[in-house]
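S.K.: return a 3D structure for these sequence lines:
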Amino acid sequence: MKPMIWWTDEQRKFAETVDAFSKKWATYEEHTRWTREAPVKIYEAVGKEGFMGAAIPKEYGGLGLGCTGSCILADHIHGWMPGIGRIVVGNMNGGLMQIIDHGTEDQKKRFLPEIASGEVGAVVITETTAGTDAAGIRVEAKLVGDEYILNGKKRFIVGAGIANRYFVYAQTSTDPEMIKKHKHLTCFMLHRGAKGFTTERINEILGFENVQNGSLDFKDVHIPVADRIGEEGEGFKIMMGGLNFERTNIAAATIGWNRLLLRNVAPYTQRRVQFGKPTSDIPANNDKVANIIMRLIAIRDSVYYTAHAWDNGEDVTVEASAIKCSGAEMTLLSANDATQAMGGDGVNRFYPVQNIYEVAKTEHVAGGTVEACRLTIYSQAMKRWKEDIQMTRRVIDEELGVPVPVNEPVAKKEACNAENVLKVLAEDYRPNPGLHMAIEDIQWYIDGSAEDIVKVLEELEKAGDVWTYRKKGAIQLARASYAGLAKAFPQEHYLYFPEFIGADRKF
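M.R.: Numbering: from 1, shown residues only. Now for the predicted structure:
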């Protein structure tokens, strides 16, 4: 597929180089999935080529290709090697922006060249008490002199046992107020071999045939203050700050998976003969291949747009969570289509379709569940797009008698009193019979502050003329009660009958 039109020449060349590299190593990667080995040789080769420096500034030994560069890496590695990318994408890149944005100059000079050289890393968050609820971390880090001493356990850590660098989040305060403010966590850089730091177990994870995932144990592990990233208590902020980059890269991996699905299912159906013709001649299979193509285009364009926006310094909180969530879900749908189009070979592990099926489902959980992503999408989009998603004023068209949207402001507002406010609520019943009005909706028609309108609503509520919705005791929404509707206007005011309703059918 062609590169995005806004890519630089360096980024275009990088895509070609990574793609050629991945083709070369695809056979070995396949071998390690059958033997259940960690493909260490590939990680070493990735480091030797300098690929892990894609997003690292050149002054620290990187390639300076930004988030776009790291997404190109994730995309083209997964396009040929579906198994290894989780460590390359989620872990070797997972703690990257936290160091770039919050590390000291000394830490950047020490850690970034190591990452650029391909050092295998791990991001260490999840515990028995903390997963999607990352603030629930209980591993303790106590400051003693110029060192922190860590105690506790972590679980579901990708790269456990083979990573050399571990980006660890731990609790440095048990003060309820600090926990409430999310200032109870701190992050640290820990290297393999530290006394008291061990891998406790290796897990069997869906789709992770050649990717180690396990639990870690910390028993009086000493970490110097110099290896603390950011200030004490900034861990949660640092963690959240790195999520947008990580989720964008995870989403980029789903581009590669859809490429690999298409690369298998399209040629397969062209060569599989059933009922005297290739199965690519069967319309149902054409639909399935078309679905994969459509999803591939949608994922590719949205991921690289988000990466481009990141590189331009824009806030991509909504976009990063959206593409991470939709990428995982669309890839699972694509894997399902590929499975059906390939029939028995679709569920045969001699083809990569089932591996992609499994890793796509794993991506529904890893790196933030799709449910958690949706919470972020909703909360952040409601804030960012507040002006774009305001309630549209709807009125009854005098000629048609039906509700229509009106974008012009009311020519003359009425005084803020009980009679006028009740009439506004009663009139809104006509276009919006199932809705309450917000205070700002009432202000379209009433000349008064929010406080003045609330006072009138309290008066009307006491009289039984309105029903209200309160939050923490304060009125948020209101609507005319049945009694209020009758008091505001005669019944004829609310009548509406379409023209096809004859006089004999009105009652």
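S.K.: number of residues surrounding His191?
M.R.: 16 (other CB atoms under 10 Å). Every residue, glycine included, has its C-beta placed from N, CA and C.
S.K.: run through the residues that contact it.
M.R.: Taking CB atoms under 8 Å, 6 or more residues apart in numbering, we find His191 in contact with 164-166.
S.K.: in the stretch 151-300 of the chain, which spans are strands?
M.R.: 165-171, 185-191, 197-202, 213-224, 228-229, 273-274, 277-278 (DSSP state E, counting those that start in this stretch).
S.K.: can you tell me which of the contacts of His191 are classed as buried?
M.R.: Buried residues within the contacts of His191, counting neighbours by 16 or more other CB atoms under 10 Å: 165-166.
S.K.: quick check, nearest of the contacts of His191 to Ala130?
M.R.: Of all these, Ala130 sits closest to Tyr166, with 15.8 Å by CB to CB.
S.K.: what's the separation between that closest one and Met52?
M.R.: Distance of Tyr166 to Met52, given as CB to CB, to the nearest Å: 16 Å.
S.K.: can you tell me which of the strands of the stretch 151-300 of the chain comes nearest to Ile439?
M.R.: The closest of the strands of the stretch 151-300 of the chain to Ile439 is strand 185-191. By CB to CB, the value is 37.9 Å.
S.K.: so how far is that closest one from its chain's centroid?
M.R.: Using CA atoms, centre = their mean, to the nearest Å, the mean C-alpha position of strand 185-191 is found 24 Å from that of the whole chain.
S.K.: walk me through the domains of this structure.
M.R.: In terms of domains, the chain is parsed into 248-387, 394-505 (source: automatic domain parsing).
S.K.: now Lys109: closest residue in space, sequence neighbours ignored.
M.R.: Tyr60 (6.8 Å; CB to CB, 6 or more residues apart in numbering).
S.K.: that neighbour against Gln107, yeah?
M.R.: No: checked against CB atoms under 8 Å, the pair Tyr60 and Gln107 is beyond contact range at 10.5 Å.
S.K.: what's opposite Ala480 in the beta bridge?
M.R.: Taking DSSP bridges as the rule, Ala480 bridges to Val466.
S.K.: who are the contact partners of it?
M.R.: Here Ala480 is in contact with 422, 425-426, 428-429, 465-467, 488 (CB under 8 Å, 6+ apart).
S.K.: any idea how far it is from Glu398?
M.R.: Distance of Ala480 to Glu398, computed by CB to CB: 21 Å.
S.K.: so where's the chain shaky on pLDDT?
M.R.: Scanning the chain with the threshold set as pLDDT under 70 gives 90-94, 505-507.
S.K.: surely Ala122 and Gly159 touch.
M.R.: Yes: Ala122 is within contact range of Gly159, at 3.8 Å (criterion: CB under 8 Å).
S.K.: more crowded one of those two?
M.R.: Applying other CB under 10 Å to Ala122 and Gly159 shows that Ala122 carries more neighbours, namely 30 against 26.
S.K.: give me the residues contacting the strand or helix carrying the more buried one.
M.R.: If you go by DSSP states H and E, Ala122 is part of strand 121-124. Contacts of strand 121-124 with the rest of the structure, by CB under 8 Å, 6+ apart, involve 87, 90-92, 94-95, 115, 154, 157-160, 163-169, 190, 216, 246.
S.K.: tally up the residues packed near the residue nearest to Lys109, please.
M.R.: 20.
S.K.: list the contacts of it.
M.R.: 108-109, 112-113, 116.
S.K.: spatially central residue for the protein, please.
M.R.: Residue closest to the mean C-alpha point of the chain, counted by CA atoms, centre = their mean, is Ser321 at 1.8 Å.
S.K.: distance of it relative to Ala483?
M.R.: 46 Å.
S.K.: ok, now Cys67?
M.R.: For Cys67 relative to Ala483 (CB to CB), the value is 59 Å.
S.K.: try Tyr169
M.R.: 57 Å.
S.K.: same check, this time on Met382
M.R.: In terms of CB to CB, Met382 sits 34 Å off from Ala483.
S.K.: for Ala74, what are its contacts?
M.R.: 85, 88-89, 93, 249-250, 252-253, 255-256.
S.K.: now for the residue lying closest to it once chain neighbours are set aside, how many residues are close by?
M.R.: Nearest non-adjacent residue to Ala74, counting by CB to CB, 6+ apart: Ala252, 3.8 Å away. Number of residues near Ala252 (other CB under 10 Å) recorded here: 31.
S.K.: cool, and Pro498?
M.R.: Using other CB under 10 Å: Pro498 sits among 8 other residues.
S.K.: what's the helix or strand for it?
M.R.: Here Pro498 is covered by no helix or strand, with elements defined by DSSP H and E.
S.K.: how about it, phi and psi?
M.R.: Dihedral pair for Pro498: phi -60, psi 160, per degrees, to the nearest 10.
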